[in-house]
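Visitor: Fold the following.
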Amino acid sequence: MNSRESDGYPRRALVASPTPPAQVARAELADAWEWCRLEDADLVIALGGDGFMLQTLHNLLERRGTIVPVFGMNLGTVGFLMNEWRRHGLDERLRRAKAFKVAPLTMTATGVDGRVHTLPAINEVSLLRETRQTAKLQVSVNDRVVLEELSCDGILVATPAGSTAYNLSANGPILPLASSLVTLTPISAFRPRRWRGAILPDRARVTLRVLDAAKRPVSAVADQREVREVAEVSIAIDRSRELTLLFDPDHALDDRITMEQFLA
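Guide: Coordinates of the predicted model:
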C-alpha cells in the first residue's frame, strides 16, 4: 500500500458514479493505492456528485454492520456534500480532514394495504400527492395532533444536512449542522394558509396521517426511495446510526451550510 497508515485509515474502498468523469477519475486513482472491498474498509472514497454520495451513504447504512467515514470528491454538478476533486495529495488531505456527524431519519410508512416499509433518509422524508387532487394530511408531533387537516401538495421533514436541498427549495429554513433540530416544511400549502412550517428538536417524532387516502393518494419518499399509496408515515432521527463525512478544512460542511443563507 502506498498510503501511510498515520491518517488512521489503512484500508480504503474506492467507489465511483457510472458517469464518464467519475470513471476517468477512478481509473487515475486505481493504481495509486491499494483498495479493498467496501465491506472491509476503514474509509470510503466516493467519486461523483451529491446523488452518488447519498447512494454511497445508504449503502453503508443498509449493507454494513459498521458505518465508516466517507470522503467524497466532486465529479458531479453541485457537489454540496463533496470535496474538490484532486488527484494528488490524498494522504495529506485525509490527515487534515474535518469530521462531521450526520444522523439519518428513519421513515416508517404504512401503506393503505397494511404493509409496513422502514427506510433511512439522510436529507429528508417527503410526502407528495400522487394525482391532481390536493393531499389532506393530519400532522402530529410526539403523538399530539398539531394540525387536524393540512391541505397541500405535500410536506417534508429535513435534517440539518438536508435543509439546503429540497427543504430550501420549498422555502424551508436552513438549519446549522450542530443545531440538533429538524424542519417540518409544507409544500405549496393551501390551508391553513398562514402556516409556513415548524422547527422541531430532533428528538421529536413526527406522524403524518393521510386523510381520504383512496380519493387523494399520497406517496412517501425517503431521499431517493419511494413508497406509493401510504396511509400513515412516522419519522424520527436515529442517533444509533450516525454517519461521518470528511471535509477539507477550507471546505467544511458547517461553513457551507451557514453561507447558504447569504446567497442571492
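
Visitor: Show me where the protein has its helices.
Guide: 20-30, 50-63, 90-96, 166-169, 253-259 (DSSP state H).

Visitor: if you average pLDDT over each of the ones you listed, which comes out lowest?
Guide: Of all the helices of the chain, the minimum mean pLDDT falls on helix 253-259 (a mean of 77).

Visitor: how about the strands in the stretch 51-200 of the chain?
Guide: In the stretch 51-200 of the chain, the strands defined using DSSP state E, counting those that start in this stretch lie at 70-74, 98-102, 105-111, 116-121, 124-129, 135-141, 144-152, 154-158, 181-187, 198-201.

Visitor: To residue 258, which of these lies closest?
Guide: Closest to residue 258 of those is strand 98-102 (C-beta to C-beta; 12.9 Å). Where C-beta positions appear, they are placed from N, C-alpha and C, glycine not excepted.

Visitor: Which secondary structure elements does the closest one sit against?
Guide: Under the contact criterion of 3 or more C-beta pairs under 8 Å, 6 or more residues apart in numbering; DSSP states H and E, strand 98-102 touches strand 243-247.

Visitor: what about the strand it packs on, distance to the chain center?
Guide: With C-alpha atoms, centre = their mean, to the nearest Å as the basis, strand 243-247 stands 12 Å off its chain's centre.

Visitor: what's the answer for stretch 211-221, then?
Guide: Relative to the chain's own centre, stretch 211-221 is displaced by 23 Å; criterion: C-alpha atoms, centre = their mean.

Visitor: what about that stretch, average pLDDT?
Guide: Across stretch 211-221, pLDDT averages out at 95.

Visitor: hmm, back to that, determine which of the strands of the stretch 51-200 of the chain approaches residue 252 most closely.
Guide: Among these, strand 98-102 sits nearest to residue 252 (C-beta to C-beta), with 5.2 Å.

Visitor: ok, the closest one: who's next to it in the sheet?
Guide: Pairing partners of strand 98-102, with direction, according to DSSP bridges: strand 243-247 (antiparallel).

Visitor: Format the strands of the stretch 51-200 of the chain as JSON lines; extra columns: mean neighbour count, mean pLDDT and distance to residue 32.
Guide: What follows is these, written out as JSON lines (neighbours: other C-beta atoms under 10 Å; pLDDT from 0 to 100; distance: least, C-beta to C-beta, whole Å):
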{"stretch": "strand 70-74", "mean neighbour count": "24", "mean pLDDT": "96", "distance to residue 32": "13"}
{"stretch": "strand 98-102", "mean neighbour count": "16", "mean pLDDT": "91", "distance to residue 32": "23"}
{"stretch": "strand 105-111", "mean neighbour count": "21", "mean pLDDT": "97", "distance to residue 32": "36"}
{"stretch": "strand 116-121", "mean neighbour count": "18", "mean pLDDT": "96", "distance to residue 32": "32"}
{"stretch": "strand 124-129", "mean neighbour count": "24", "mean pLDDT": "98", "distance to residue 32": "36"}
{"stretch": "strand 135-141", "mean neighbour count": "20", "mean pLDDT": "97", "distance to residue 32": "50"}
{"stretch": "strand 144-152", "mean neighbour count": "15", "mean pLDDT": "96", "distance to residue 32": "50"}
{"stretch": "strand 154-158", "mean neighbour count": "27", "mean pLDDT": "97", "distance to residue 32": "37"}
{"stretch": "strand 181-187", "mean neighbour count": "24", "mean pLDDT": "97", "distance to residue 32": "40"}
{"stretch": "strand 198-201", "mean neighbour count": "15", "mean pLDDT": "96", "distance to residue 32": "45"}
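
Visitor: Next, format those as TSV and append distance to residue 257.
Guide: Output for the strands of the stretch 51-200 of the chain, formatted as TSV (distance: least, C-beta to C-beta, whole Å):
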stretch	distance to residue 257
strand 70-74	16
strand 98-102	10
strand 105-111	17
strand 116-121	18
strand 124-129	14
strand 135-141	24
strand 144-152	26
strand 154-158	12
strand 181-187	12
strand 198-201	15
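
Visitor: Tell me which of those lies nearest to residue 242.
Guide: Smallest distance to residue 242 across the strands of the stretch 51-200 of the chain (C-beta to C-beta): 4.9 Å, for strand 98-102.

Visitor: Taking strand 70-74 as reference, get the angle to the closest one.
Guide: Orientation check (axes from the mean of the first three to the mean of the last three C-alpha atoms, to 10 degrees): strand 98-102 against strand 70-74 gives 100 degrees.
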